[in-house]
Structure formats: structure tokens, C-alpha cells
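# mind folding the following:
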Amino acid sequence: MRRLYFILPDVATAETIVDELLLRHIEWRHIHVVANDNIPLGALPEAKIAQSSDLLPALERASAAGAITGALAGLAAVAFPPAGLTIAGGAVVALTLAGAGFGAWLGALIGVSVPNSRLDRFRTAIRKGDLLMMIDLPHERVDEIEQLVQLHHPGVDIEGTDPTIPVFP
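Numbers count the residues shown, from 1 in each chain. This is a model prediction of the structure:
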């Protein structure tokens, strides 16, 4: 899957493009629109928190860091057990999983409050009143959808694609 980015001048253009995408069998859940708070999106598919925040990248980083920390703590406990306790490999696994879980929880809390860093290049346009549309597509449909938008909507700026999108967009 790839994510296409378009800057749209107004809600009417966005609604027309969404209708065309739906007719081309692009699912509603794969279309995401971001606008500033002053623009009512109406029936447009508003970007969810996974698209508009750094939730997923923060979750990935924090889970990995927590798992590594938990594994190191487990290995330290096996190497230097507290007096009178016998600690085996299960402790390493348990602490690794606990660390990953704690890291995921903490990463989710932090990631939700941080704007999506992949959208930084669009912040000025969004503040100005333009809309950002993100469309998640299979690789083989990218050119088709770009040509469709270029043909019918010359005022729309095609801002490129991401080579891949997160597993859970």
C-alpha cells in the first residue's frame, strides 16, 4: 500500500474527489481528510487519530525500547539474583513482555498528543485553509488515481506518495 497526498482548495472539490474515488472502488476507510479547525468537513472522511497524530510511530519506538529495557533487566536479574532467589529464563521473558507492554502504553499516551511528523510539510497549507487528502492505495493503482485527479481537477496539487504506509493506517 502507498499513501497519496493531495492539497485541495475547498470542501466542494474534496467532496467531488471522494465521490469519484468511491466510484472507482476506493474504500471510504482508505480516504482521510485533514483541515484546520475553522473548516467544517461535513460528510468528508475526516482523518482519524492514527493518521493525524504520531501514535503509530511512537507506539513502535516505545514498544521496542520497553522490550529492550525489560530484557536487559531480566538478564541482569538472572546474572545477579537477589539473595536467596533462583531466577530462570522465564523472568527474562516476563520482564521483556512487561517492558514492551509498558512502553506501548507510554508511547500511545505520548504519540496521541504529538501531531503527525509526516504531515509537517502540509501544515502551512492547512493553516491557510486548504485541505489535505490522503488516500491509501495498492501500488498498482497509484498512477490511475493520480491521472484521474489531474484530469478532472487541475487546481489540486498532487504532493507525492509515501513509499509505504503503516500496517494499521
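
# just to be sure, residue 4 is in a strand?
Yes: the assignment for residue 4 is a strand, going by DSSP: H, G, I helix; E, B strand; the rest coil.

# quick one, what contacts it?
Residues near residue 4 by Cβ atoms under 8 Å, 6 or more residues apart in numbering: 134-137, 142, 145-146, 158, 160-161. Backbone N, C-alpha and C define where each C-beta goes, glycine included.

# ok, of the residues you listed, which come out buried?
Among those, those buried by neighbour count (16 or more other Cβ atoms under 10 Å) are 134-137, 142, 145-146, 161.

# closest one to residue 93 out of those residues, please.
residue 136 (35.5 Å; Cβ to Cβ).

# that older thread, what's the most distant pair in the contacts of residue 4?
136 and 158 (15.4 Å).

# for residue 10, give me its contacts.
Taking Cβ under 8 Å, 6+ apart, one finds residue 131 in contact with residue 10.

# what does residue 144 give?
Residue 144 touches residue 24, counting by Cβ under 8 Å, 6+ apart.

# from residue 56, how far out is residue 158?
According to Cβ to Cβ, to the nearest Å, residue 158 and residue 56 sit 24 Å apart.

# revised request: answer the last question for residue 104.
Residue 104 sits 11 Å away from residue 56, going by Cβ to Cβ.

# go on, residue 152?
Counting by Cβ to Cβ, the gap from residue 152 to residue 56 is 32 Å.

# higher neighbour count, these two?
residue 56 (20 against 12; other Cβ atoms under 10 Å).

# is the more buried one in a helix, a strand, or coil?
From three-state DSSP, the assignment for residue 56 is helix.

# these two touch, right, it and residue 111?
Yes: Residue 56 lies in contact with residue 111 (Cβ atoms under 8 Å); the separation is 7.2 Å.

# so what sits against both of the two?
Between them, residue 56 and residue 111 share no contacting residue, judged by Cβ under 8 Å, 6+ apart.

# so can I have TSV of the buried ones among the contacts of residue 4 showing distance to residue 80, secondary structure and pLDDT?
Formatted as TSV, the buried ones among the contacts of residue 4 follow (distance: Cβ to Cβ, whole Å; DSSP: H, G, I helix; E, B strand; the rest coil; pLDDT from 0 to 100):
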residue	distance to residue 80	secondary structure	pLDDT
134	50	strand	89
135	54	strand	88
136	49	strand	88
137	53	strand	87
142	54	helix	85
145	58	helix	86
146	59	helix	85
161	51	strand	77
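
# many thanks, we can stop here.
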